[in-house]
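Student: dropping the sequence and predicted coords here.
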Amino acid sequence: MRFVSNSFIIFVALALKRKFRENNDKKVNPIHYVLCASLDVLFSFCYYTALNFIPSSVYQMLRGGTLIFTYIFGICVLKTKLMRQKLMGCGVIIVGLAIVGISSYVLTPQTGDQNMVIAGYGLIIFGIVLTGMHYVY
């Protein structure tokens, strides 16, 4: 249902464009809405597909990596200043994510296909990158 509602955003963008064109206040580019909704659909797809392959507790912990990529994209795209305390916070997050990811992979019993578990971790990481782009955009 979420994918349908996010795909519906194109119609809202076109309606907003028509409304603002009538008022001549501001030009609205519907591509911005479409890009934002597309990023939302993509990272949701990555997250929910990865949730089938890894434990839900690990999934929730690894989603904390969104802060790292949001900060990186904020520096690259928005030209925010690199601050020492935020950089140290990102370092702590990276250490925590590494501990959670490695311990969940090593300490869980090897019952299923390990390639699917690794694919789940890859999808989570790709989803985290997309979420960082979405937040900065």
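Tutor: Right, received. Where do you want to start?

Student: low-confidence stretches in this protein?
Tutor: Counting by pLDDT under 70, the chain contains low-confidence residues at 1-7, 9-10, 13-14, 16-28, 108, 110-112.

Student: buried sites along whichever strand or helix holds Ile93?
Tutor: Ile93 belongs to helix 84-107 when assigned by DSSP states H and E. Judged by neighbour count (16 or more other C-beta atoms under 10 Å), helix 84-107 contains these buried residues: Cys90, Ile93, Leu97, Val100, Gly101, Ser104. All C-beta spots, glycine's among them, are computed from the backbone N, C-alpha and C.

Student: next secondary structure after that helix?
Tutor: Following helix 84-107 in sequence, per DSSP H and E, is helix 114-136.

Student: can you give me the angle that following helix makes with helix 84-107?
Tutor: Taking axes from the mean of the first three to the mean of the last three C-alpha atoms, to 10 degrees, one finds helix 114-136 and helix 84-107 inclined to each other by 160 degrees.

Student: change the start of the numbering to 166 and stick with it
Tutor: Sounds good: first residue 166 from here, last item helix 279-301.

Student: what residues of helix 279-301 count as buried?
Tutor: Of all the residues in helix 279-301, those buried under the rule 16+ other C-beta under 10 Å are 282, 284-286, 288-290, 292-299, 301.
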